[in-house]
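Novice: next one to model:
(one chain, ligands or ions: 1)
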Amino acid sequence: MDYTNIIFKVEDGIATIIFNRPKALNALNDELLMEFSRALDEIACDENIRVLILSGAGEKSFVAGADITELAKFNSLEGKTFAKNGQRIIGKLQELPIPVIAAVNGFALGGGCEVVLACDIVYASEKATFGLPEINLGLIPGFGGTQRLPRLIGSNMAKEMIFTGKMIPASEALVIGIANRVFAPEALIEETIKTARLIAAKGKVSLRAAKQAVNNGINVDLVTGCCIEADAFALCMSSKDKNEGTTAFLEKRKAVFKGTLKD
Ligand code: CO8
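Specialist: Numbers count the residues shown, from 1 in each chain. Below is the predicted model:
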């Protein structure tokens, strides 16, 4: 499938999507969002893809938000449709059955920060900045930011970011828990790929079960969450990867997971 606003490639089971509108700091316009959505559908249907990496084209930006030239023209109904569409696509990203790593190379603002909040692991360049500056436009975050950020960093910290619209550096994003790790700009992609390869070598069923257990458990009470975990654990028990993992341990060799959902 042809893409012009993103670069989409797959290598050794690792998919990469690069947001590719560097002249507009990779702002999310309607076309880019549609391409992103299609690429996520392709990934969800491809058994061979085991990890997804997201990053931005150019030196400066991951994604500097929704495209303000489009936003400026919306009326209320168009704004709601745009927000709902963005939420649906970012929801699709969060629900992807494989792990997603954001390699945040620069600005992750507004909708760009909201993309990051739906990823499983966030690696940032020392040059990255994060923020929800919509308040400066007379708006509020519309792609899930008011919901995911408080769940991630707590409501007071989230409100400070949302009410002030301030951008925070990668070092602060690390401290408050938005970023997992921070790297020198030139090391970001290499380190991201290293982790992607490490994860890609694990069992596909257990990775899927682990992601679902965390994602589905996070918004429910502990007892319900533990039931979700027990079901996910049970699912792993019947997988070939579990046979391989436990047998390899007992035979004192390294497990070789096939990474397939088929029995
Ligand atoms: N949309 C469109 N164009 C953009 C955007 C954007 N979000 N961000 C940057 N650009 C463009 C600039 O207009 C400029 O274009 P040109 O060269 O044609 O003038 C080019 O990118 C380079 O930008 P700057 O010259 O401004 O670069 P600086 O390094 O000086 O500044 C900043 C970088 C600080 C990132 C600055 O560009 C900026 O503040 N950008 C806007 C950030 C922002 O406010 N993002 C939030 C947008 S709103 C949003 O994401 C809401 C999501 C939910 C939507 C649901 C709603 C219905």
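Novice: for residue 88, which non-adjacent residue is spatially closest?
Specialist: residue 37 (8.0 Å; Cβ to Cβ, 6 or more residues apart in numbering). Glycine gets a C-beta too; all of them are placed from N, C-alpha and C.
Novice: so which elements touch whichever strand or helix holds the one you found?
Specialist: Element membership for residue 37 (DSSP states H and E) is helix 30-45. If you count contacts as 3 or more Cβ pairs under 8 Å, 6 or more residues apart in numbering; DSSP states H and E, helix 30-45 packs onto strand 6-11, strand 14-19, helix 76-95.
Novice: now mean neighbour count too, for these, in TSV please.
Specialist: Below are the helices and strands packed on helix 30-45 laid out as TSV (neighbours: other Cβ atoms under 10 Å):
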stretch	mean neighbour count
strand 6-11	15
strand 14-19	22
helix 76-95	15
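Novice: export those to CSV and tack on mean pLDDT?
Specialist: Supplementary listing: these in CSV, determined by pLDDT from 0 to 100:
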stretch, mean pLDDT
strand 6-11, 97
strand 14-19, 98
helix 76-95, 95
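Novice: turn those into JSON lines, including distance to residue 235.
Specialist: Below are the helices and strands packed on helix 30-45 laid out as JSON lines (distance: least, Cβ to Cβ, whole Å):
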{"stretch": "strand 6-11", "distance to residue 235": "26"}
{"stretch": "strand 14-19", "distance to residue 235": "24"}
{"stretch": "helix 76-95", "distance to residue 235": "17"}
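Novice: so which residues on the stretch 51-200 of the chain come close to the ligand?
Specialist: 64-69, 71, 79, 82-83, 86, 107, 109-111, 133-134, 137, 141-143 (Cβ under 6 Å from any ligand atom).
Novice: ok so, going back, using CSV, list the CA coordinates for the following helix or strand past the helix holding residue 37.
Specialist: Sequence-wise, the next helix or strand downstream of helix 30-45 (DSSP H and E) is strand 51-56. Extracted as CSV, the C-alpha positions of strand 51-56 are listed here (Å, rounded to 0.1, in the frame of the first residue of the first chain):
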residue,chain,number,x,y,z
VAL,A,51,6.9,-5.1,17.6
LEU,A,52,6.1,-1.6,16.3
ILE,A,53,8.4,1.4,16.6
LEU,A,54,7.0,5.0,16.0
SER,A,55,9.2,8.0,15.4
GLY,A,56,9.2,11.3,13.5
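Novice: can I assume residue 98 sits in a helix?
Specialist: No - Residue 98: not assigned to a helix; according to DSSP: H, G, I helix; E, B strand; the rest coil it is coil.
Novice: near the ligand at all, stretch 21-30?
Specialist: Yes - using Cβ under 6 Å from any ligand atom, stretch 21-30 reaches the ligand at 24, 25, 27.
Novice: if you rank these by neighbours, which is first?
Specialist: Neighbour tally across the residues of stretch 21-30 next to the ligand (other Cβ atoms under 10 Å): the maximum, 24 neighbours, falls on residue 27.
Novice: ok, now which ones touch the closest residue in space to that one that isn't next to it in sequence?
Specialist: In space, residue 27 comes closest to residue 67 once its chain neighbours are excluded; the distance is 4.2 Å by Cβ to Cβ, 6+ apart. The contact partners of residue 67, taken as Cβ atoms under 8 Å, 6 or more residues apart in numbering, are 24, 27, 28, 29, 30, 32.
Novice: and the helices in the chain, which stretches?
Specialist: 30-45, 68-71, 76-95, 111-117, 145-153, 155-164, 170-176, 188-200, 204-217, 222-237, 240-250 (DSSP state H).
Novice: could you say which of the ones you listed is packed most deeply?
Specialist: helix 111-117 (a mean of 29; mean count of other Cβ atoms under 10 Å).
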